[in-house]
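Visitor: here is a sequence together with a model predicted from it:
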Amino acid sequence: MRALTADQMRALDAIAITELGLPSIVLMENAGRLVADAVRRFFGEIAEERGVAVVSGTGNNGGDGFVAARHLAGLGLDVSVYLVGDSASVSGDAATNLAILERLGVPVFSIADPPAWSRHRQAVLDAGVAIDALFGTGLGRPLEGLHAEIAQALADGDAEVVAVDLPSGVPGDAGAFVGPAVDATLTVTLAAPKLSLVLPPAEQQAGVVLVADIGIPRELQSRLEGPQIDLLDAGDLALWLDPRPADAHKGDFGRVTVVGGSPGKTGAAHLAALSALRSGAGLVTVAAPAAAQPVVAAMAAEYMTLALPDLTGGDRSAAVEAVLSLDADVIAVGPGLGVSDGAAALVEELIVRSTRPLVLDADALNVLTRLPAATLSRANAPVVLTPHPGEMARLAGTDVDDVQSRRLEIARDYAAAHGVVVVLKGYRTVIASPDGRVAVNATGNPGMATGGTGDVLTGVIAAWLAQIGSAEAAARLGVYLHGLAGDFAAAAEGEVAMIAGDLLDHLGQAARTLAGLEPRPEEDWRARLPENGELVPLS
């Protein structure tokens, strides 16, 4: 599911209207109807008890609100419209729908100045549901004056706020915002997610986000210029989960080698290996330093182990040959590897010499910063990096604050410059590909901020890379399933108590859920969505 900038959304509207001949008033009708449908499905009881206040601007976003008001009034709800601005400023399709409202007798109150807002403020805040139809993607500056006051009142009030397209005060193109903004309970975004609904911190203003199919064919998005930013979509990712044939054997599902697990860090390699097995890899071997190999071997019976020569002295030749001699489809390097000169030399040799795809994490990333800048460009096979923000900062030669403020840009630039897939971990994990494509993941929760979850992710990505062959697809699928397993773990254990090992217990459940065989943790609210696909969740 592609996330669009404001300019891309305007271009998509123009293509639909001018080239396909879709009347703009039909698109507005569909948008308002689906907003009303969302209100009915999610807040029908409180809307019946306390009514609905539609707070509309004078533009097309306001027009969507007028249509929603008409449909809700047609259901017998007590609906009032509060037009912020002069009715003479309403034009085009919005004016047509405003006139229809007035002919139907739906109350429309003009709020042209602060005194008018003072007169109607309490009535708006007393409503059970307030529809925010002030601004859509056209807002190019922070709210101020009367609009800022109204947005703040909606944010502070008790009404369930349903935002049309974007919460007012949130810009369409950035994850950051300045000034007051509506804090929505539910956002119905039109045609496609907007970029600020995907990225923190602004996305936190949106509440639950539903994407409304207003009739613009999705395939038109391929004609849009500008960044290709996708939100990981369950429907797209599920296509990679083919049923296993009845006559399958373990060699059909890939062999993964995990290189790591030095003394004191054996748990990292153990978690990566088990998560690879739990993600479907047919055979997994942990290549660990000889001093740690017996410990790793005793931790689980399901994977094999290989003792590597000592790396602390800087000699890597025997260790490299030992790893490359294994019949592996994917090599995951780093969990608990250590940061000695020997470890750095091992990582360099594996990057340069391996003809099998590599997944580099943890200590492999830490030593990578000490290697020549051109090392990654010398790789002979696809490489996936899985840094957390601190590791990304070291790789990119910047600081964590810069990484967190420019997550998309930094991950995309690094991936393109070095020809690798970058998985920038954290809230809303970013997956960047060498061709400039970027994806953002919405599964996962704060309970995953605990030691070892990154090692689990390494194993998950390595396993899927061994099975499906595409580094980009494996990174996207692995990140999504890893986060979904975390959501199931949080539902079972709570965010405070969950540990990395809990994810292992739910990786199978996550895969079954993606395949449509089990319900998601939040299935109770998803069950309210229409089956025709007109309103779909953001992830």
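Guide: On my side now, so go ahead. Numbers count the residues shown, from 1 in each chain.
Visitor: phi first, then psi, for V90.
Guide: phi -80, psi 130 (degrees, to the nearest 10).
Visitor: what's the closest non-adjacent residue to it?
Guide: T58 (4.9 Å; CB to CB, 6 or more residues apart in numbering). C-betas here are computed from N, CA, C, even on glycine.
Visitor: quick one: the one you found is in a strand?
Guide: No. If the criterion is DSSP: H, G, I helix; E, B strand; the rest coil, then T58 is coil and not within a strand.
Visitor: next, it: phi, psi?
Guide: Dihedral angles (degrees, to the nearest 10) for T58: phi -100, psi 0.
Visitor: also T285?
Guide: Taking degrees, to the nearest 10 as the convention, T285 sits at phi -120, psi 130.
Visitor: doesn't G260 make contact with it?
Guide: No. The criterion here is CB atoms under 8 Å, and T285 misses it with G260 at 11.7 Å.
Visitor: more crowded one of those two?
Guide: G260 (32 against 21; other CB atoms under 10 Å).
Visitor: does T189 belong to a helix, a strand or coil?
Guide: strand.
Visitor: show me the shaky parts of the chain.
Guide: 174-178, 313-315, 522-523 (pLDDT under 70).
Visitor: apply 80 and report the result again.
Guide: Across the chain, the ranges flagged by pLDDT under 80 are 138-140, 172-179, 201, 312-316, 520-524, 539.
Visitor: that one - how does it break down into domains?
Guide: 2-226, 238-524 (automatic domain parsing).
Visitor: G533 is nearest to which of these?
Guide: domain 2-226 (6.4 Å; CB to CB).
Visitor: can you list contacts of the helix or strand containing Y82?
Guide: In this assignment (DSSP states H and E), Y82 forms part of strand 79-84. Applying CB atoms under 8 Å, 6 or more residues apart in numbering, the set of residues contacting strand 79-84 from outside is 51-58, 62, 65-66, 69, 72-73, 90, 98, 101, 106-112, 117, 120, 123-124, 127, 134, 146-147, 150.
Visitor: export the domains of the chain as JSON lines, with columns for distance to N532.
Guide: Formatted as JSON lines, the domains of the chain follow (distance: least, CB to CB, whole Å):
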{"stretch": "domain 2-226", "distance to N532": "9"}
{"stretch": "domain 238-524", "distance to N532": "17"}
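Visitor: for the ones you listed, which one sits closest to E534?
Guide: Per CB to CB, nearest to E534 of those: domain 2-226, 4.9 Å.
Visitor: straight-line length of stretch 186-204, end to end?
Guide: 11 Å (CA to CA, to the nearest Å).
Visitor: tell me the buried residues in that stretch?
Guide: 186-199, 202-203 (16 or more other CB atoms under 10 Å).
Visitor: which one of these sits closest to V460?
Guide: Nearest member of those to V460, counting by CB to CB, is V198, at 22.0 Å.
Visitor: so that closest one makes contact with A3?
Guide: Yes. V198 is within contact range of A3, at 4.7 Å (criterion: CB under 8 Å).
Visitor: shared neighbours, these two?
Guide: Joint contacts of V198 and A3 (CB under 8 Å, 6+ apart) are I229, L231, V440.
Visitor: and the top helix by length along the chain, how far out from the chain middle?
Guide: Secondary structure of the chain read by DSSP state H shows that its longest helix is helix 24-50. Relative to the centre of its chain, helix 24-50 is centred 26 Å away, using CA atoms, centre = their mean, to the nearest Å.
Visitor: can you give me the angle it makes with strand 79-84?
Guide: With axes from the mean of the first three to the mean of the last three CA atoms, to 10 degrees defining the directions, helix 24-50 sits at 120 degrees from strand 79-84.
Visitor: buried stuff in helix 24-50?
Guide: Quick answer for helix 24-50 (16+ other CB under 10 Å): 24, 27-44, 46-48, 50.
Visitor: can you give me the helices for the stretch 251-400 of the chain?
Guide: 266-278, 293-299, 317-325, 341-353, 363-368, 389-396, 400-405 (DSSP state H, counting those that start in this stretch).
Visitor: ok, residues contacting the second one?
Guide: Applying CB under 8 Å, 6+ apart, the contact partners of helix 293-299 are G261, P263, T266, G267, A269, H270, V286, A288, T305, L306, A307, L308.
Visitor: contacting residues around the spatially closest residue to the first one that is not a sequence neighbour?
Guide: Spatial nearest neighbour of G261, excluding adjacent residues (CB to CB, 6+ apart): A269 at 3.0 Å. For A269, the contacting residues are V258, G260, G261, V286, A288, V296, P335, G336, D455, by CB under 8 Å, 6+ apart.
Visitor: try it again at 6 Å.
Guide: V258, G260, G261, V286, A288, V296, P335, G336 (CB atoms under 6 Å, 6 or more residues apart in numbering).
Visitor: what sits against the fourth one?
Guide: Which is V286. V286 neighbours (CB under 6 Å, 6+ apart): V258, G261, A269, A273, V296, Y303, T305.
Visitor: in the sheet, who's paired with it?
Guide: V258, T305 (DSSP bridges).
Visitor: so the closest residue to V26 other than its chain neighbours: helix, strand or coil?
Guide: Spatially, and ignoring its direct neighbours in sequence, V26 is nearest to G215 (6.7 Å; CB to CB, 6+ apart). Using three-state DSSP, the structure places G215 in coil.
Visitor: report the buried residues of stretch 141-152.
Guide: L143, L146, H147, A148, E149, I150, A151, Q152.
Visitor: to clarify, my last question referred to stretch 230-242.
Guide: Buried-residue list, stretch 230-242, by 16+ other CB under 10 Å: D230, L231, L232, D233, A234, D236, L237, W240, L241.
Visitor: in strands only, show me those residues.
Guide: Mapping the buried residues of stretch 230-242 onto strands (DSSP state E) picks out D230, L231.
Visitor: which stretches in the stretch 51-200 of the chain count as strands?
Guide: In the stretch 51-200 of the chain, the segments counted as strands under DSSP state E, counting those that start in this stretch are 52-56, 79-84, 108-111, 129-133, 160-164, 186-190.
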